[in-house]
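A.B. asks: quick one: sequence plus predicted model below, questions after.
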Amino acid sequence: MSLHIGPWALPHPVCAAPMAGVTDRPYRRLCKALGAAYAVSEMAASNPRLWDSVKTARRLDHAGEPDPVAVQIAGADPDMLAEAAVFNVRKGARIIDINMGCPAKKVCNQASGSALLRDEALVGRILERVVAACAPLGVPVTLKTRTGWDRDSRNAVRIARLAEDCGIAALTLHGRTRCDLYTGQAEYDTLRQVRQAIRIPLIANGDIDSPEKARQVLDYTGANAIMVGRAAQGRPWIFREIAHYLAHGTHLPAPTYGELREHLLGHLEDHYTFYGERSGVRSARKHIGWYLADLPGADTLLPRIMTLDSTALQSRALRDWLEDRPATAPAVAEP
Ligand SMILES: Cc1cc2nc3c(=O)[nH]c(=O)nc-3n(C[C@H](O)[C@H](O)[C@H](O)COP(=O)(O)O)c2cc1C
């Protein structure tokens, strides 16, 4: 089972979801090293006035990330989005993903993100314009969206057909509406309907947190691939676990404390180099919290880690704690 996005043939159908503030370059590189066939970057602003900020400069840095580098753009102005797409291609993007799924106020207030789902004519203009700008560069354009604005106005099937007609190369669908935010359970009936309505690849997203769930969602929806977001936080090896299960029907062993140490400390090194000392020590805390969540004994370590304000102290504390655990024992959360 493979996934094709334009000219890119990806070896298996397990993808990492874009998450603003999380899926930065160090994290994407790690996800890819641990089995994600594909990873989409955090959203990049389509407004050129923001392109010089430090934050945006970091988001434009793809050095050392295995291809295809996929960059997500968000906005509501077709020309500005097309310009942003070309700008990102010049900075190394090999695939452009348009975000129409983000419920964040910052995005929705400007009538972009998932708010666009209420204006299908504008959706069409955006998709056409961005595809037309990227086609001469040989860069496929994908769309990531939700099932609709709210449960009474689910229009994912119409949006999917529109996307296909406009030349979108693949569609990622999160099984919630904008108004659901992240509440309740993702539903997959709409994804199944969408799969039957279009020919382009469909990537299923929402609440996929285990190899079994990935198998169920693929089987139920008929989607070509799955995309994992929150379940990979602090657990980037989930991609190879899912890929292995989909290919062989068996489970890989859980990572050991020795492997956790290697992945976590390696991640932190890359993170510190990318963000620098001051910003690095702070932004690493959330990742550390996710890695250690529910590990036996971590509840006493975590509050102390959160107060350390140098990268050297932070990684030393983690190294010491992990070296006290048996390297070959599985690092498994408390039930
Ligand atoms: C912290 C966070 C940030 C996110 N940022 C983005 C984003 O920038 N662009 C986007 O399309 N989706 C974004 N999402 C949505 C995810 O890509 C994904 O669709 C959603 O989390 C559902 O998948 P999951 O259940 O596997 O997490 C974000 C989600 C989270 C939790």
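C.D. replies: Yes, it's here. Note that the structure is a prediction, hence the values are computed from the model and not measured. Residues are numbered from 1 along each chain as shown.
A.B. asks: close to the ligand: what parts of the stretch 151-300 of the chain are there?
C.D. replies: 174, 205-208, 228-231 (CB under 6 Å from any ligand atom). From N, CA and C alone the C-beta is placed, and that goes for glycine too.
A.B. asks: could you rerun that using 8 Å?
C.D. replies: Counting by CB under 8 Å from any ligand atom, the residues of the stretch 151-300 of the chain lying close to the ligand are 172, 174, 176, 182, 186, 205-209, 227-233.
A.B. asks: list the buried residues in the helix or strand hosting Arg282.
C.D. replies: Using DSSP states H and E, Arg282 sits in helix 277-292. Neighbour-count burial for helix 277-292, counted by 16 or more other CB atoms under 10 Å, picks out 280-281, 283-284, 287-288, 291-292.
A.B. asks: could you pull out the helices for the stretch 201-335 of the chain?
C.D. replies: Applying DSSP state H, counting those that start in this stretch to the stretch 201-335 of the chain gives helices spanning 211-221, 238-248, 257-275, 277-292, 298-307, 311-323.
A.B. asks: how far does the helix holding Arg282 sit from its chain's centre?
C.D. replies: 18 Å (CA atoms, centre = their mean, to the nearest Å).
A.B. asks: what helices or strands is it leaning on?
C.D. replies: helix 257-275, helix 298-307, helix 311-323 (3 or more CB pairs under 8 Å, 6 or more residues apart in numbering; DSSP states H and E).
A.B. asks: quick revisit: can you say which of the residues of the stretch 151-300 of the chain next to the ligand are buried?
C.D. replies: Members of those classed as buried by 16+ other CB under 10 Å are 172, 174, 176, 186, 205-208, 227-233.
A.B. asks: strands - which of those land there?
C.D. replies: The strands, defined by DSSP state E, take in 172, 174, 205, 227-228 from those.
A.B. asks: save these as JSON lines, and put in pLDDT and distance to Ala133 too.
C.D. replies: Shown next, in JSON lines, are those (pLDDT from 0 to 100; distance: CB to CB, whole Å):
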{"residue": "Thr172", "pLDDT": "98", "distance to Ala133": "20"}
{"residue": "His174", "pLDDT": "97", "distance to Ala133": "25"}
{"residue": "Asn205", "pLDDT": "98", "distance to Ala133": "25"}
{"residue": "Met227", "pLDDT": "98", "distance to Ala133": "25"}
{"residue": "Val228", "pLDDT": "98", "distance to Ala133": "30"}
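A.B. asks: what is the longest strand along the chain packed up against?
C.D. replies: When the chain is parsed with DSSP E, its longest strand is strand 38-45. Counting contacts by 3+ CB pairs under 8 Å, 6+ apart, strand 38-45 is packed against strand 14-16, helix 25-33, helix 54-59, strand 70-74, helix 78-90.
A.B. asks: give me the contact list for stretch 263-273.
C.D. replies: 24-27, 29-30, 34, 236-237, 255, 280-281, 283-284, 287-288, 291, 311, 314-315, 318-319, 322 (CB atoms under 8 Å, 6 or more residues apart in numbering).
A.B. asks: in it, which residues are buried?
C.D. replies: Neighbour counts over stretch 263-273 (16+ other CB under 10 Å) mark 263-264, 267-268, 270-272 as buried.
A.B. asks: now that stretch - C-alpha only, PDB.
C.D. replies: C-alpha atoms of stretch 263-273 as PDB (Å, rounded to 0.1, in the frame of the first residue of the first chain):
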ATOM      1  CA  HIS A 263      15.300   9.600  20.600                       C
ATOM      2  CA  LEU A 264      14.600  12.100  23.300                       C
ATOM      3  CA  LEU A 265      18.100  13.400  23.800                       C
ATOM      4  CA  GLY A 266      18.700  13.400  20.000                       C
ATOM      5  CA  HIS A 267      15.500  15.400  19.600                       C
ATOM      6  CA  LEU A 268      16.500  17.900  22.200                       C
ATOM      7  CA  GLU A 269      20.000  18.400  20.700                       C
ATOM      8  CA  ASP A 270      18.400  19.200  17.300                       C
ATOM      9  CA  HIS A 271      15.700  21.300  19.000                       C
ATOM     10  CA  TYR A 272      18.300  23.400  20.900                       C
ATOM     11  CA  THR A 273      20.400  23.900  17.800                       C
END
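A.B. asks: got the residues of the stretch 1-150 of the chain near the ligand?
C.D. replies: 17-23, 40, 42-43, 72, 74, 97, 99, 101-102, 104, 113, 144, 146.
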